[in-house]
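Peer 1: Would you be able to build a 3D model of this:
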Amino acid sequence: MTIVDTMTTPVRKKPAPVQKYNPHKLIVNQHIYPRKGLQRFAMEDFVRVRLIGKQEPISCRTGDKLFCANRAWDQRSEVLHSRDIEVGFAELAEKIISGEVRELDAAMNLIAADFYDLMDERYKAHITPYEDEAFPGVSANKLTVDEQEVLESKGIFFVGPEGTVSGRAIAGIHMMGRRVFRRRIEVPLWGIWRAQGGEFIVPDNFSENMCIPVSPSIWLMAEKRSLTLNFRGVAQLNAFHLSRARRYAFARDFDLAPVFRRTVVGFVMRTDLGDGYWRRTRE
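Peer 2: Okay, here's the model as predicted:
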């Protein structure tokens with residue numbers, strides 16, 4: 001008997017496969033957190049990863065499927081809608097890392113908010129993919145699979161032979177809608193948290209805490225003032241983020257990333273994140 005842990009293995013509908021040889025170059029493995037961001041945590045394109053329930057860390061390339069969703073949103077959202085958000089944030093991140101930017105202005109706060117919203121919507125679409133949806137008064141089209149892929153590759157919305165819009169396209173609508181909605185509400189202010197000692201650990205999602213990893217020594221935190229964290233502060237934040245990880249967490253080097261945790265004699269800071277730690281934080 002196979003036991004499925006629904007806390008870490010959500011039930012997903014099977015993603016629609018592309019045609020053999022993927023003739024229209026649709027992106028199948030879609031990064032949730034961009035590869036460019038992962039590369040800021042990488043050494044020679046590898047990041048260190050700890051899987052929940054596993055004691056030893058592994059090394060994964062930044063292009064590994066572990067960091068990706070499988071066709072959870074459409075090509076338009078992947079290529080057209082997301083690119084300017086990703087590029088804008090990557091440019092901001094480099095300025096923060098270099099020290100050129102010490103505090104975010106209004107335009108930068110919006111760049112960070114757009115990026116966070118995109119990551120959050122991607123993660124939601126990955127964990128709970130949207131179902132195909134029928135719209136009243138909209139008829140089916142007799143489109144072949146090839147014709148559907150051509151339209152998707154060109155960023156065109158369409159109704160399929162079953163009279164439905166794909167869940168991938170629905171996910172894209174949510175991403176675009178959230179970006180529009182963000183401009184109608186107050187944009188959060190973002191503080192820069194820098195590590196004075198130790199390095200940060202990044203969970204596989206940020207949905208429970210509005211924050212963005214920038215580098216092994218920098219986080220952006222929504223509605224928080226900018227801070228410099230000492231070794232203890234880094235260990236406390238790492239412990240918090242580890243408790244929010246569903247499948248994995250990554251870092252540049254776990255040996256440099258302290259964790260603050262409870263023991264029978266009080267609290268200690270350790271870099272050892274063995275299997276016992278994962279079990280306790282998930283209980």
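Peer 1: Would you indicate which residues of stretch 119-137 are buried?
Peer 2: By neighbour count with 16 or more other C-beta atoms under 10 Å, stretch 119-137 contains the buried residues 119-127, 129-130, 132. Quick note: C-beta positions are derived from backbone N, CA and C, even for glycine.
Peer 1: Of the residues you listed, which belong to helices?
Peer 2: If you go by DSSP state H, these have 119-127 in helices.
Peer 1: okay if I get the residues you listed as TSV plus pLDDT and distance to residue 221?
Peer 2: Shown next, in TSV, are those (pLDDT from 0 to 100; distance: C-beta to C-beta, whole Å):
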residue	pLDDT	distance to residue 221
119	96	14
120	96	15
121	96	20
122	97	20
123	96	18
124	95	21
125	96	24
126	96	23
127	94	23
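Peer 1: just to revisit the earlier point, now the buried residues of stretch 119-137 as TSV including distance to residue 215?
Peer 2: Formatted as TSV, those follow (distance: C-beta to C-beta, whole Å):
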residue	distance to residue 215
119	16
120	20
121	23
122	20
123	20
124	25
125	26
126	24
127	26
129	31
130	32
132	39
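Peer 1: Quick check: the farthest pair among those residues?
Peer 2: Largest separation among these by C-beta to C-beta: 119 and 132, giving 24.2 Å.
Peer 1: Where do the strands of this protein begin and end?
Peer 2: Here the chain has its strands, by DSSP state E, at 29-31, 46-51, 58-61, 68-70, 133-134, 164-165, 190-195, 202-203, 211-215, 218-222, 227-229, 248-251, 259-263, 266-270.
Peer 1: Would you point to the one among those strands that's packed deepest?
Peer 2: Among the strands of the chain, ranked by average contacts under mean count of other C-beta atoms under 10 Å, first place goes to strand 202-203 (a mean of 24).
Peer 1: Note down every partner strand of that one and its orientation.
Peer 2: Applying DSSP bridges, strand 202-203 is found paired with strand 248-251 (antiparallel).
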